[in-house]
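Undergrad: whatever this is, show me its structure:
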Amino acid sequence: MVSDRSSREQITQDLIHKVRETYSQQGDPLLISTIVVHRGPKAWKEVSLLTLLNESTGAVRRRELKAQTWKAIPPSQGGGYDFIKDAYHWHCEDDEIEAVRVFLNGEFKEPGKYRLVKRGAEFDQLLEQIEPDQVNWGDLARLIQVAGNAPQMVAKLAASANGTLLAEAVELQRRRDQLAELRRIVEDPASNERDHIHPQIKKMGWVFGGRYVGDPCRRQLTTGDVLDVPLLRPDGSLHVVELKGANIPRLVHQHRGPRDPQVTRRGREELPLIVGPEVHEAVGQAMNYLCHLDEDRDHVLVRFKIEARRCSATVLIGNPKFVNEDFSDEEIANTIRTYNSHLSRIEVLHYQDLIENAERDLALGAASADDGTGDEEEPMPHLEHDDAREQSSSSDPWSDEPPF
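TA: Below you'll find the model as predicted:
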């Protein structure tokens, strides 16, 4: 038995040489194409296409497709292998070859290396299968993924209007999926910032208008501080996101005021709400980070090429659904808005607001892409009738002549 790869390659080459030598003894001028379809160890199978030519004109007289099984025998002396024809052999000619080709093409309908497709028609046949939804979309996604690894293909797609739309659609869907996963996490009362929220948020720097600078930097920007999500803004400045848990029962709470607020025609009596102690602690922690970054600005700039001067921070904390008192979303939003109005470089945001703001932005981007308007300004309405123009001019005392 032959198991060594180099020996198999040698036998294959010797077999092809033997086949050419055997068929060439027919005397007629011919072209021989041979492929070894099974390589041992006991039987070696080859298929050959013989094209017989007219000796005087060189035109094709006949084609034969031959299948033959051989036994490889190593010679007692010298290199190479000798071969003995096995009893099994088969052949067909001309129209019979075409019948075999049609048969194989009908049996192996799925795209693949076994399908016989006329040269130049692959793209047309792919389109014919895509339009009636006969293509497995997983395979099509895999095809696009492979195409993305080819620089020339990427350049062609980028230069194409349809390619740009496809890229935008893929990115929009990717961001929607990320938001859906973040919503699932922050609505789970058992989730925490270290094991669940942080791994998801660091993939979503786009939510804050920046990109994640990586885990090594977050531990080395300043001595003793481990920043949760350091982001690099498009202008090169640093933005720090401090993550806290979503299940914060005292995100806001009532400070003094009536114990039993009255309900009037305008709604419930306004309550004096303030943010809870967890919010104050998180903001104090972010303040310390910003202070250290200001003090180490030169070191951060030289070592990491990141501008840390006057950087900003966002504190993500809480979810209104976990607040243990009966406060409306509007009351919670007003309380945090009032608190933020007294801060300078730090913003407090709860997870529900973050997700809903991002969803609105994605919906707006998708609508602009669908109607093709982008950021174009809407045309001013035209007044169709003279009386409308008169009414407009009469309402403006300076419409006929300027005041000066």
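
Undergrad: ok, longest strand in this protein?
TA: Assignment by DSSP state E gives strand 60-73 as the longest strand of the chain.

Undergrad: the helix or strand just after that one pairs with which strands, parallel or anti?
TA: Per DSSP states H and E, the first helix or strand lying C-terminal to strand 60-73 is strand 82-93. The strands that strand 82-93 pairs with in its sheet are strand 60-73 (antiparallel) (by DSSP bridges).

Undergrad: pull the CA atoms of the strand it pairs with into CSV?
TA: What follows is strand 60-73, C-alpha atoms only, in CSV (Å, rounded to 0.1, in the frame of the first residue of the first chain):
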residue,chain,number,x,y,z
VAL,A,60,-11.5,17.4,-35.2
ARG,A,61,-12.7,14.0,-36.5
ARG,A,62,-13.9,12.4,-33.3
ARG,A,63,-13.8,12.6,-29.5
GLU,A,64,-13.6,9.7,-27.1
LEU,A,65,-14.1,9.7,-23.4
LYS,A,66,-12.3,6.8,-21.8
ALA,A,67,-12.4,5.6,-18.2
GLN,A,68,-9.8,3.0,-17.2
THR,A,69,-8.7,1.3,-13.9
TRP,A,70,-5.0,0.5,-13.4
LYS,A,71,-2.8,-1.3,-10.9
ALA,A,72,0.4,0.5,-10.0
ILE,A,73,3.4,-1.8,-9.6
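
Undergrad: next, the buried residues of the helix or strand in which K18 is found.
TA: K18 belongs to helix 5-24 when assigned by DSSP H and E. Residues of helix 5-24 classed as buried: 8, 10-12, 14-16, 18-19, 23 (neighbour count, 16 or more other C-beta atoms under 10 Å). Using the backbone N, CA and C atoms, a C-beta is placed for each residue, glycine as well.

Undergrad: let me know the closest of those to G284.
TA: Within the buried residues of helix 5-24, the smallest distance to G284 is 72.1 Å, found for R8 (C-beta to C-beta).

Undergrad: and the closest one, how far from L227?
TA: Distance, R8 to L227, using C-beta to C-beta, to the nearest Å: 58 Å.

Undergrad: likewise for R250?
TA: In terms of C-beta to C-beta, R250 sits 25 Å off from L227.

Undergrad: quick one: which of those two has more around it?
TA: Neighbours per residue, other C-beta atoms under 10 Å: of R250 and L227, the larger number sits with L227, 22 against 15.

Undergrad: that one should be in a strand, yeah?
TA: No: looking at L227 with DSSP: H, G, I helix; E, B strand; the rest coil, it is coil, so not inside a strand.

Undergrad: switch to numbering from 31
TA: With the count now opening at 31, the last piece we talked about shows up as L257.

Undergrad: now do the SS call for the nearest residue to it once chain neighbours are set aside.
TA: Excluding the flanking residues, the one nearest L257 by C-beta to C-beta, 6 or more residues apart in numbering is R248, at 4.7 Å. At R248 the chain is in helix, as set by three-state DSSP.

Undergrad: burial count for R248?
TA: So R248, with other C-beta under 10 Å, has 17 neighbours.

Undergrad: do the same with K115
TA: 12.

Undergrad: show me what contacts D245?
TA: Taking C-beta atoms under 8 Å, 6 or more residues apart in numbering as the definition of contact, D245 has no neighbours.

Undergrad: go on, P307?
TA: R280.

Undergrad: the one 5 residues further on now?
TA: Taking C-beta under 8 Å, 6+ apart as the criterion, A312 is in contact with 272, 274, 345, 347, 378.

Undergrad: strands - which of these land there?
TA: Mapping the contacts of A312 onto strands (DSSP E) picks out 272, 345, 378.

Undergrad: make TSV out of the residues you listed and add neighbour count, distance to Q98 and pLDDT.
TA: As requested, the ones in strands among the contacts of A312 are exported to TSV (neighbours: other C-beta atoms under 10 Å; distance: C-beta to C-beta, whole Å; pLDDT from 0 to 100):
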residue	neighbour count	distance to Q98	pLDDT
E272	20	75	94
V345	26	78	96
V378	26	81	96
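
Undergrad: closest to V305 among those residues?
TA: V378 (7.2 Å).

Undergrad: just checking, that closest one touches V309?
TA: Yes: using C-beta atoms under 8 Å, V378 makes contact with V309 at a distance of 6.0 Å.

Undergrad: give me the common contacts of these two.
TA: 345, 347, 369.

Undergrad: okay, the residues you listed in a markdown table with distance to V90 next?
TA: Formatted as a markdown table, the shared contacts of V378 and V309 follow (distance: C-beta to C-beta, whole Å):
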| residue | distance to V90 |
| --- | --- |
| V345 | 80 |
| I347 | 81 |
| Y369 | 88 |
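
Undergrad: show me what the helix holding K48 is in contact with.
TA: 32, 60, 62, 64, 66, 69-70, 74, 76, 78, 80, 96, 98, 100, 102, 109-113.
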